[in-house]
Structures are given as structure tokens and as C-alpha cells.
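S.K.: Give me the fold of what follows.
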Amino acid sequence: MNKLIKAKTTSVTIVAVLMISAFVGAQLVATVKAAGYTEYLGTVDGVNFVLRIPDPWSGILVVMMTPGPSAPILDARTTAYNMTSTGFLINGYAIAASNYGGGVGYCFSKAVNSTYTMTKYIVENYHITGKVLLAGFSMGGNFALFLGEKYPDLYDGVLDVGGSKDAKSHYAFYDTIANLTILEIRSYLNLPSNTTDAAVQSIKNEAPRSLIAYQNETGGTPQQVPTAYEDRSNPYHANITIPVITIHSSSDTSVPVSQTTMYQAVVASLGRSSLYRVYITPPGVSANAQVPIRFVELVTWANQIGEYRGWKVVPSDGRIYIIPPQNLTGILCCQQIGTWDAEYYGKLGWTMVDAAKPAIDSAMNSLIR
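M.R.: Presented below is the predicted three-dimensional model:
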């Protein structure tokens with residue numbers, strides 16, 4: 001029986017209910033009405049999650065991913081979630097996060113699987129009418145980008161903030177740090193002269209913990225289990241079909257900017273550069289400072305992309321690109337079909353998708369012959 005509980009506070013009322021769902025074990029634990037938003041706490045398939053929906057709401061859902069915690073957590077309302085959610089909520093975006101099913105450290109498998117399960121559940125039960133966008137921070141950028149690479153039918157775009165991307169080279173980075181002296185680390189990372197020895201020691205202390213986290217997730221080192229590292233690395237799955245924006249600080253001491261430039265090169269080699277934008281901040285400037293403006297850019301960009309016969313129609317730099325579904329073989333992975341002149345096509349009554357249809361039909365017909 002559903003029960004109404006009046007919380008002893010001036011601003012919050014908690015309603016405990018049970019939600020019937022197609023998901024096994026799905027349960028809405030509580031609904032909290034607060035100033036400007038409604039908070040939902042729930043469990044689905046053993047994954048605890050939090051969802052905050054603002055009032056008014058744009059219909060857009062942000063799925064937030066951070067690095068795995070140092071110890072298992074039950075409550076998905078972490079300090080990082082509470083701090084980050086405010087900026088999204090005041091701009092009309094709902095924001096959700098999971099507890100990674102209790103995963104810790106580099107919990108790639110648990111993070112990806114639990115977040116995918118949570119997203120499917122929320123989309124099917126909370127009337128999401130707008131885009132579903134991922135926002136990943138640091139190691140969470142690796143998790144978020146992988147979900148965007150693998151599930152473009154569920155997610156519409158990714159904002160990656162300083163995410164690690166290639167597990168092998170990131171492991172090698174930490175292995176190098178772990179074996180350097182304080183003075184050598186200063187030179188290796190080109191740290192500012194005013195960086196204290198205590199700060200450098202903190203960087204060094206992080207290295208062995210990160211190496212162990214990688215080994216716990218994969219079952220060994222890159223030399224012992226190379227495929228396990230490749231399976232978790234974004235460059236090996238970089239045939240993206242949704243827009244991705246990366247913000248990376250050139251001063252990042254945990255994830256070197258080479259992680260992003262490496263990924264950028266692979267995306268380009270696959271002909272997907274029209275779907276990838278990179279912003280590297282100057283030394284001393286945090287990537288987080290650009291999150292608000294780049295997220296608005298991502299929303300605008302995602303809303304511009306059309307679709308026809310499973311192909312994405314992408315505007316970029318005044319040009320039109322058509323990108324086939326990931327499972328389509330025997331065809332160029334990305335094709336520029338012309339320039340996009342909104343005024344010209346508008347007089348014809350054409351949308352961007354209308355302009356792309358002949359090229360897509362031709363490409364599909366060539367596969368049938």
C-alpha cells in the first residue's frame with residue numbers, strides 16, 4: 001500500500017511508492033519535491049539511481065557519469081552529482097546518475113552496464129520527450145563516450161570533460177609516474193614552478209592506486225590481457241554516429257591531453273570528424289569552466305541532426321554530411337554531399353534531410369544491386 005510521509009521540514013514532502021515496471025526488480029523508493037525540481041530515488045535490476053526533473057522542464061535528460069568511487073556507495077546522490085546537477089536543473093535539463101551497481105575505482109563494466117540499464121528504465125517510465133545526452137567527467141568521460149559509441153539509438157550526444165580514452169596508454173602514463181621522483185614528475189608533466197611538493201606527491205600517490213584499479217577491472221596489465229584493455233578503450237570503437245564534444249584542460253595531471261588528441265586522430269581516420277569537436281583549454285584553465293557553454297552547443301547540435309533510412313544527416317561548417325548506420329558495410333563511412341544553404345533550400349520547401357535523401361537513396365541502391 002502506498003504511503004504518504006510528511007517530512008519534518010518546511011520545504012520537502014516525501015512520497016514512498018512502488019512502481020510497476022517491465023524491468024525485473026524495478027522500484028521507485030521515494031519522490032522528493034524540492035524548490036524548483038522533483039527528485040526520484042529508485043532501484044532497477046540492483047542499480048540505485050537518482051533522477052531530478054526541473055520545473056519547468058525542457059524534456060531533455062542528462063545522464064551524468066563520474067569516476068568510480070573509492071568505496072561502494074548506495075546513494076547515487078554523491079557530492080559531485082549534487083554540485084553538478086544545480087547548473088543543469090536551472091537551465092531546464094533533467095539529470096540522472098546511478099551508483100554504478102556498487103562498483104569502485106575503474107569499474108568500467110559496472111558503470112557502463114548500470115548506466116545503460118538506468119537510462120533505458122528512465123526513458124521508458126518518465127516521459128522523456130527531448131534528447132538523451134551523456135555528460136562524463138574524467139574517467140567518467142571514458143564510460144560516457146563508450147555508451148555513446150555503442151548505443152546511438154538510445155543516446156543523442158556526449159559531452160566528455162577530460163575523459164581518459166585509451167586504457168593501455170593511460171596505464172602506461174600512470175606506470176611512468178609511479179616510477180619517477182618528485183623532481184622528475186615536475187619535468188614530465190611540465191608543472192608550474194609554484195606547484196608545491198605536497199601537490200606533486202599527491203599526483204605520485206594516485207598512480208599506484210590507478211594501476212591497481214585498471215588491473216582489478218581487466219584482470220591484469222596491458223601486456224597480460226591486451227584485449228581487455230582494448231575492449232574498454234574508446235579509440236577501438238570510434239565510428240561514432242552521434243555528436244561528441246570533448247573539453248580537455250592542457251593542465252590536466254590525471255588524464256594527459258594526448259588521450260584526446262589520439263582519439264581525435266582515430267575519429268578522423270574513420271571519416272567521422274564532422275561529429276567530433278574538441279576544445280583544449282589553455283594552461284591553468286579548468287575544463288569544467290566551459291561545461292555550460294559547450295553543453296548548450298551540444299544540445300543545439302544534436303537538435304540539428306536529421307535521420308533518413310537509418311543514416312544521420314549532419315550539418316558541419318556549412319556542409320552536409322551523411323553517415324551510415326554502424327552495422328552497414330560495403331560503403332564509405334562518411335560522405336560530404338554538398339553545402340547547406342538554408343535560404344536556398346527554404347525557398348524550395350526542403351529541409352536538410354530532404355536535400356540528403358537522393359544521396360542516401362543512391363548509396364542504399366548501390367548496396368542492393
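S.K.: May I see the buried residues of the one helix or strand residue 147 maps to?
M.R.: Secondary structure assignment for residue 147, by DSSP states H and E: helix 139-150. Along helix 139-150, these residues count as buried under the neighbour rule (16 or more other CB atoms under 10 Å): 139, 140, 141, 142, 143, 144, 145, 146, 147, 148, 149. (Each C-beta comes from the backbone N, C-alpha and C, glycine too.)
S.K.: if we take those, which one ends up nearest to residue 289?
M.R.: Closest approach to residue 289 among the buried residues of helix 139-150 (CB to CB): residue 141, at 16.0 Å.
S.K.: Which residue lies closest in space to the closest one, excluding its sequence neighbours?
M.R.: By the measure of CB to CB, 6 or more residues apart in numbering, the closest residue to residue 141 outside its immediate chain neighbours is residue 163, 1.7 Å from it.
S.K.: Check residue 133 too.
M.R.: Using CB to CB, 6+ apart and skipping residues adjacent in sequence, the residue nearest residue 133 is residue 157, 4.7 Å away.
S.K.: check contacts around residue 209.
M.R.: Under the criterion of CB atoms under 8 Å, 6 or more residues apart in numbering, the contact partners of residue 209 comprise residue 105.
S.K.: Please repeat the previous calculation with a cut-off of 7 Å.
M.R.: Under the criterion of CB atoms under 7 Å, 6 or more residues apart in numbering, residue 209 has no neighbours.
S.K.: Low-confidence stretches in this protein?
M.R.: 1-25, 29, 317, 326-343, 367-369 (pLDDT under 70).
S.K.: Go again with 80.
M.R.: Residues of the chain meeting the criterion pLDDT under 80: 1-35, 314-319, 323-350, 366-369.
S.K.: What lies in contact with the next helix-or-strand element following the helix holding residue 147?
M.R.: Sequence-wise, the next helix or strand beyond helix 139-150 is strand 157-161, with elements assigned using DSSP H and E. Residues lying outside strand 157-161 but in contact with it, judged by CB under 7 Å, 6+ apart, are 131, 133-137, 141, 144-145, 148, 242-247, 287-288, 291, 294-295, 298, 301-302.
S.K.: Just the ones in strands from those residues, please.
M.R.: Helix and strand membership here follows DSSP state E; of the contacts of strand 157-161, those in strands are 133, 134, 135, 136, 137, 244, 245, 246, 247.
S.K.: ok, of those, which one's closest to residue 362?
M.R.: Distance to residue 362, by CB to CB, is smallest for residue 244 among the ones in strands among the contacts of strand 157-161, at 27.7 Å.
S.K.: quick one: the closest one and residue 274 touch, right?
M.R.: No - shown here, residue 244 and residue 274 do not form a contact pair, counting by CB atoms under 7 Å, at 10.9 Å.
S.K.: So between the two, which is more surrounded?
M.R.: Regarding residue 244 and residue 274, a neighbour count based on other CB atoms under 10 Å identifies residue 244 as having more, with 25 against 21.
S.K.: Could you list every helix and strand that the helix or strand hosting residue 173 packs against?
M.R.: Mapping residue 173 onto the secondary structure by DSSP H and E places it in helix 167-178. Secondary structure elements in contact with helix 167-178, counted by 3 or more CB pairs under 7 Å, 6 or more residues apart in numbering; DSSP states H and E, are helix 197-218.
S.K.: Show me which residues of the helix it packs on are buried.
M.R.: 200, 203, 204, 207, 210, 211, 213, 214, 215, 217, 218.
S.K.: what is the orientation angle of it with helix 139-150?
M.R.: If you take axes from the mean of the first three to the mean of the last three CA atoms, to 10 degrees, helix 197-218 sits at 40 degrees to helix 139-150.
S.K.: what's the angle from helix 197-218 to helix 167-178?
M.R.: Using the same axes, to 10 degrees: helix 197-218 against helix 167-178 is 140 degrees.
S.K.: Could you identify the helix or strand that succeeds helix 197-218?
M.R.: That would be, after helix 197-218 and using DSSP H and E, helix 226-231.
S.K.: roughly how far out does that following helix sit from the chain middle?
M.R.: Here helix 226-231 shows a centroid-to-chain-centroid distance of 20 Å under the convention CA atoms, centre = their mean, to the nearest Å.
S.K.: how about that helix: buried residues?
M.R.: With burial defined by 16+ other CB under 10 Å, the residues of helix 226-231 counted as buried are 228, 229, 230.
S.K.: Pull the number of nearby residues for residue 97.
M.R.: Residues contacting residue 97 under the criterion other CB under 10 Å number 27.
S.K.: Residue 50: which element?
M.R.: strand 47-54.
S.K.: partners of that strand in the sheet?
M.R.: Next to strand 47-54 in the sheet, as set by DSSP bridges, lie strand 37-44 (antiparallel), strand 94-98 (antiparallel).
S.K.: And those strands: which comes nearest residue 104?
M.R.: So among the strands paired with strand 47-54, strand 94-98 is nearest, using CB to CB, at 13.6 Å.
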